[in-house]
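need a structure here:
(2 chains)
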Amino acid sequence: MNCAQARDLLGEPLHAASGALREHLAACPACAREAEALRELRAWLRADEPPFGEEDRRALRRGVMARIQAGRPRRRIPYLLALPLAAALLLALSLRRRPEEPPPAPPAPAVHPTEPPPPARAQASPPVRAPRPRPAVPEAPAVTTLELHTADPTIRILWLAQAAPTPELP
Amino acid sequence: MVPGMEGVLTAGEAPAGAASCLDAALAQAQTGGPEAFEAVLEQAEGPVLGLAWRLLGDRDLARDAAQEVFLRVYRALGAYRPGEGGQAWMYRITVNVCADLARKRGPVPVDLDEASHAAPGRSAEEALLHAERRSLVRRALAELTPAERAAVVLRDLEGLSAPEAAQVLGVRPVTVRSQASNGRAKLLARMRALTGGGR
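Residues are numbered from 1 along each chain as shown, chains lettered A, B, ... in the order given. Just a heads-up that it's a prediction; the model follows:
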């Protein structure tokens, strides 16, 4: 073993300290001085032990675990349970809202009076004219539904109109 | 045996049993959840605190660094592969966290108040000499470059071999040897100048 190899090994932990190194140090005063300096340096460095005691370690443990628990997601509801729960919630909400909803619109094709007209306004209002002749249009209803046919037979336009304020249609 | 060699040959030896306990705790924590992570803390809190303190030279900052290290370890548990060396993995995270904090903080402060704390069981004169020695160590370490300080701390205080320290620092073993050698030479010169040694 030469001096360069010996000095490389000097810095290594115990497993690197071979019999060859010991023999070299016994025979080489320069490397032996180097080894002594390294021992002295390590002893000097170790004099300054980290200033942490059990209380510091406990505080660290508490702090880390608290931050881990704080960042931990809440216990999750399994998907298999979440879907029926969501469906039940939606159903409950829809049942609760149903009495407040207006009655569904009549599927009526033509005109439906919804309330009797006030007498004075009924006399003042002009008759509603449909764009084309239509059967069974009652005179002066409070609200009327006009059904307009377009060129496309699948499209119909329904127009709800109030009797009194409705302007004259062209 | 050459006189004085005992200290050189045994100074840096890391306890292998502690490392294997840490590996086992990390493997357990991967599947065991937060509660199992407490075993990792118990195994590694002392070494992580010590390394952070030696790299940063500041007690409060070292505490912050250690907490951040364990949180990063917890978040990265899925990336840990058992058998890779849990200690080296945690040291690498510690070195990275400390480098981030050191960049934000600036030059290493010398915590002389902490160094002057008397150790229990010593006479007043011994305590004074010990405190003086501690403050000298801190001043000398603070004068090294961050790379030299990390190499010296990992090799001469934490007991890592050159390849292990190189893995932690993300450099080649030859670089670690060079940085440790430069750091040791500066520390010895500083130590002798401060203590009046003439060698």
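
Residue 53: how many residues sit nearby?
No chain in the question, so chain A it is. 8 (other CB atoms under 10 Å in any protein chain shown). Where you see a C-beta, it was placed from the backbone N, CA and C, and this is true even at glycine.

nope, chain B
Neighbours of B:Trp53 (other CB under 10 Å): 26.

Dihedrals phi and psi, it?
phi -70, psi -40 (degrees, to the nearest 10).

Can you classify the closest residue to it other than its chain neighbours by secondary structure?
Excluding the flanking residues, the one nearest B:Trp53 by CB to CB, 6 or more residues apart in numbering or on different chains is B:Ala62, at 3.8 Å. Three-state call for B:Ala62 (DSSP: H, G, I helix; E, B strand; the rest coil): helix.

which SS state does the residue lying closest to B:Arg172 once chain neighbours are set aside fall under?
Counting by CB to CB, 6+ apart, B:Ala166 is the residue found nearest to B:Arg172 once chain neighbours are left out, at 5.8 Å. Per three-state DSSP, the secondary structure class of B:Ala166 is helix.

tell me the centre residue of chain B?
For chain B, the residue lying nearest the average C-alpha position, counting by CA atoms, centre = their mean, turns out to be B:Leu51 (2.7 Å).

and the residue nearest to B:Trp53, what does it touch?
B:Ala62 makes contacts with A:Pro50, A:Phe52, B:Leu49, B:Ala52, B:Trp53, B:Leu56, as judged by CB atoms under 8 Å, 6 or more residues apart in numbering or on different chains.

returning to that earlier point: where does the residue nearest to the centre of chain B sit, in terms of helix or strand?
Element membership for B:Leu51 (DSSP states H and E) is helix B:16-56.

Correct me if wrong: A:Leu21 contacts A:Leu9.
Yes. If you go by CB atoms under 8 Å, A:Leu21 and A:Leu9 touch, sitting 5.0 Å apart.

Of those two, give the one with the bigger neighbour count.
Between A:Leu21 and A:Leu9, A:Leu21 has the larger neighbour count (other CB under 10 Å), namely 24 against 19.

Figure out the helix or strand that that one lives in.
Per DSSP H and E: helix A:19-27 holds A:Leu21.

tell me which residues in that helix are buried?
Going by neighbour count (16 or more other CB atoms under 10 Å in any protein chain shown), the buried part of helix A:19-27 is A:Leu21, A:Arg22, A:His24, A:Leu25.

do you know how far B:Leu51 is from chain A?
To chain A, B:Leu51 is 9 Å away according to CB to the nearest CB, to the nearest Å.

and the closest residue to that residue other than its chain neighbours, what element?
In this structure, B:Leu51 finds its nearest non-sequential neighbour in B:Thr94, 5.2 Å apart by CB to CB, 6+ apart. Using DSSP H and E, B:Thr94 falls within helix B:86-105.
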